[in-house]
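Student: A structural model of the following input is requested.
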Amino acid sequence: MSTTEKKDVEMSDAASSTTTTNATEVPKEKTPSELAALFLSDLKKQHSLLERAVSGTDSRLVNRVLRSLATTRKKLTVQTLKAFIEFSTELEPEIRKTLLNQFSSVSDDSSSPYPVNPAPSSSESAPMEISSTDSQGGATETAKQEAVAPKPKVLSPEVEMYLRLLIIVFLIDKKKQKEALEASVASVKRLEEFNRRTLNPLSAKIFFYFARTHELLGKVEDIRSDLLAFHRTATLRHNDEASVTLLNLILRNYLEYNLYDQADKFVSKTQFKEEAASNEEFARYLYYQGKIKSIQLDYTDAYACLQGAMRKAPQHSARGFRLAVTKLACIVQCLIGEIPERSLFRQPGLQKALEPYLELVRAVRIGDLNAFHDVISKHTAVFRADKTFTLIQRLRHNVIKTGLRKINVSYSRISLNDIKNKLRLESVEDVEFIVAKAIRDKVINATIDHKNQYLQSKETVDIYSTEEPQSTFHRRITFCLNTHNDAVKAMRFPQDVHKVNPETAKERREREQEIAKNLADEEDEGEF
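Tutor: Model prediction:
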């Protein structure tokens, strides 16, 4: 083998070993400074999206920024928030000072994975401006960069409101409820000075956290008149996003103090814009509607609303909301005369909290009045805390009806005194009235012999010869049609799409990936 061939072999071996080493290299973890720089660049992208929304009057870009709020709030630190505010308010020193003072009480967490290095001073950055003479005109590279660099713009209301929103969320996450309350009040006062379409999604979020901060401090009743005034103003300005959010906040305020009549009157005199409501707001509205209707004895509509709320709610997060809806739905379903499925009580993360309601449903299913009263006495504190005790007391009649239905199927004839003993009622007269009402309501198919004091059951009729199958199919068809109509209504298309230049396939893929990521984050961090 010649010397040249040996060298070629050695070079190929070295190249292969280098390739193997590169393939087996483990990617290095990013340092906290690099993570902070990436996060700050994401915030600047959100700033540019808001500026594009203002220049193009496109509120969809604002919604795109708000969809990433769940991810952004988890990464916020004092340093990153300060850096973003200083970047956005370069030409507004007074506003910058006001915003920085709102969270000045929060201590800087040096152990955060997202620290930001302080911006270099002019003396420190001067050596970096290396000048190189251009062969054409002698212009320096620094002069070229200054000519190309965009000039800072005046702070837009959209960017200012977004900064205020980040501050409120940051203070809530840091358990600074008092400071968050002050910041939300100042934001609402500042918001009243503007009336812009691109501010509508931001105004809805700010109103939500305005009410949330008051709720955390137990001052919900103090803002009821303010919420009504805000809702009236939003309706007159056709701010549908804020109107929907404020309607839910007012209903929550009423129901917190058991003002069901006022809540029902308010709903009857307002209009809920489904097309402007997010899934979270729509789910809240359906839940409040179901709660109001259940108190007003309209159990069928209440159960339909609660089913809609369970479908609209996130399936893997928002545990508190799903738990409240499930508790109310199982009680309303029992009041209708149906027994909830076992799978309803086996949802991951909800099994332990639903145990008292599972015992309650068992007592209703077997028609045992004693077991029913034992469950109520055992879990009275839980039912009162959940505000379902009033509805549960109404289930006593359903327990009696279930017991009567079983007796009617088991006995062709039974005395009223035996019914009293089996159902553990107080007197035969009460049994006679209860049985008569059950026959009138078609709960049982029987007749009463008042002279001999016994109940005579009639022959069981084939259910397929009745109207029950037809009504069941009608309910299923109605459900499918409503689901189809909701899906059609949820389809949205950008305005004037034919007038603008179509986006490239790469831009479309990036936008769809970002939307999917933000929706997944919303699923994990739903604001319920």
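Student: how near is Q271 to Y254?
Tutor: 17 Å (Cβ to Cβ, to the nearest Å). C-beta coordinates here come from the backbone N, C-alpha and C atoms, glycine included.
Student: Compare these two and say which one has the larger neighbour count.
Tutor: Using other Cβ atoms under 10 Å as the criterion, Q271 and Y254 rank with Y254 on top: 21 against 11.
Student: For the residue nearest to that one when sequence neighbours are not counted, give its distance to T198.
Tutor: Once flanking residues are discounted, Y254 sits nearest to A263: 3.9 Å by Cβ to Cβ, 6 or more residues apart in numbering. Using Cβ to Cβ, A263 is found at 32 Å from T198.
Student: in what helix or strand does T235 lie?
Tutor: helix 224-236 (DSSP states H and E).
Student: same question but for R405, I mixed them up
Tutor: helix 389-410.
Student: And the contacts of that helix?
Tutor: Among residues not part of helix 389-410, those counted as contacts by Cβ atoms under 8 Å, 6 or more residues apart in numbering are 294-295, 328, 331-332, 334-335, 337, 360, 363-369, 372, 376, 380, 383, 414, 419, 422-423, 425, 434-435, 438, 443-446, 455, 457, 460.
Student: which parts of stretch 54-74 are buried?
Tutor: For stretch 54-74, the neighbour count (16 or more other Cβ atoms under 10 Å) marks 54, 58-59, 61-73 as buried.
Student: Does S104 fall in a helix, a strand, or a coil region?
Tutor: Look at S104: counting by DSSP: H, G, I helix; E, B strand; the rest coil, its state is coil.
Student: wait, what's in contact with T72?
Tutor: Here T72 is in contact with D42, L43, Q46, L166 (Cβ under 8 Å, 6+ apart).
Student: at 10 Å what do you get?
Tutor: 39, 42-43, 46, 65-66, 80, 84, 162, 165-166, 169-170, 518, 521 (Cβ atoms under 10 Å, 6 or more residues apart in numbering).
Student: Which ones among those map onto helices?
Tutor: 39, 42-43, 46, 65-66, 80, 84, 162, 165-166, 169-170, 518, 521 (DSSP state H).
Student: What about those residues, which one has the most neighbours?
Tutor: In terms of neighbour count, Y162 stands highest of the ones in helices among the contacts of T72 at 27 neighbours, by other Cβ under 10 Å.
Student: circling back to that earlier point, let me see the mean pLDDT of the helix holding R405.
Tutor: The pLDDT scores in helix 389-410 average 81.
Student: Determine the set of other helices and strands touching the next helix or strand after it.
Tutor: Downstream of helix 389-410, the next assigned helix or strand under DSSP H and E is strand 413-415. The elements that strand 413-415 packs onto, with contact taken as 3 or more Cβ pairs under 10 Å, 6 or more residues apart in numbering; DSSP states H and E, are strand 446-449, strand 454-457.
Student: ok, and for strand 413-415, which residues are buried?
Tutor: In strand 413-415, counting by 16+ other Cβ under 10 Å, buried: I414, S415.
Student: Partner strands of that strand, with direction?
Tutor: Here strand 413-415 is paired, per DSSP bridges, with strand 454-457 (antiparallel).
Student: Looking at the contacts of T72, spot the one nearest A487.
Tutor: Each of the contacts of T72 was scored against A487 by Cβ to Cβ, and N518 proved nearest at 21.1 Å.
Student: Low-confidence ranges, the chain, go.
Tutor: 1-30, 108-153, 441, 443, 459-463, 492-505, 517-528 (pLDDT under 70).
Student: One more pass at 50, please.
Tutor: 1, 4-12, 14-24, 110-111, 114-152 (pLDDT under 50).
Student: middle-most residue in it, spatially?
Tutor: E280 (3.7 Å; Cα atoms, centre = their mean).
Student: For burial, what's the neighbour tally of T483?
Tutor: T483 has 12 neighbours, counted by other Cβ under 10 Å.
Student: ok, now which ones touch it?
Tutor: By Cβ under 10 Å, 6+ apart, the contact list for T483 reads G308, R311.
Student: same thing but at 7 Å, please
Tutor: Under the criterion of Cβ atoms under 7 Å, 6 or more residues apart in numbering, the contact list for T483 is empty.
Student: That one: which element?
Tutor: Of the helices and strands defined by DSSP H and E, T483 is found in helix 468-490.
Student: Alpha carbons only: can I get that helix in PDB?
Tutor: Taking Å, rounded to 0.1, in the frame of the first residue of the first chain, the C-alpha atoms of helix 468-490 are listed here in PDB:
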ATOM      1  CA  GLU A 468     -91.500   5.700  25.100                       C
ATOM      2  CA  PRO A 469     -89.300   4.400  22.200                       C
ATOM      3  CA  GLN A 470     -90.400   7.400  20.100                       C
ATOM      4  CA  SER A 471     -89.600   9.900  22.800                       C
ATOM      5  CA  THR A 472     -86.200   8.300  23.400                       C
ATOM      6  CA  PHE A 473     -85.300   8.500  19.700                       C
ATOM      7  CA  HIS A 474     -86.500  12.000  19.600                       C
ATOM      8  CA  ARG A 475     -84.100  13.000  22.400                       C
ATOM      9  CA  ARG A 476     -81.200  11.300  20.600                       C
ATOM     10  CA  ILE A 477     -82.000  13.000  17.300                       C
ATOM     11  CA  THR A 478     -82.300  16.400  18.900                       C
ATOM     12  CA  PHE A 479     -79.000  15.900  20.600                       C
ATOM     13  CA  CYS A 480     -77.300  15.100  17.300                       C
ATOM     14  CA  LEU A 481     -78.900  18.000  15.500                       C
ATOM     15  CA  ASN A 482     -77.800  20.400  18.200                       C
ATOM     16  CA  THR A 483     -74.300  19.100  18.100                       C
ATOM     17  CA  HIS A 484     -74.200  19.600  14.300                       C
ATOM     18  CA  ASN A 485     -75.600  23.100  14.600                       C
ATOM     19  CA  ASP A 486     -73.000  24.000  17.200                       C
ATOM     20  CA  ALA A 487     -70.200  22.700  15.000                       C
ATOM     21  CA  VAL A 488     -71.400  24.800  12.100                       C
ATOM     22  CA  LYS A 489     -71.700  27.900  14.200                       C
ATOM     23  CA  ALA A 490     -68.200  27.400  15.500                       C
END
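Student: Fine by me, thanks again.
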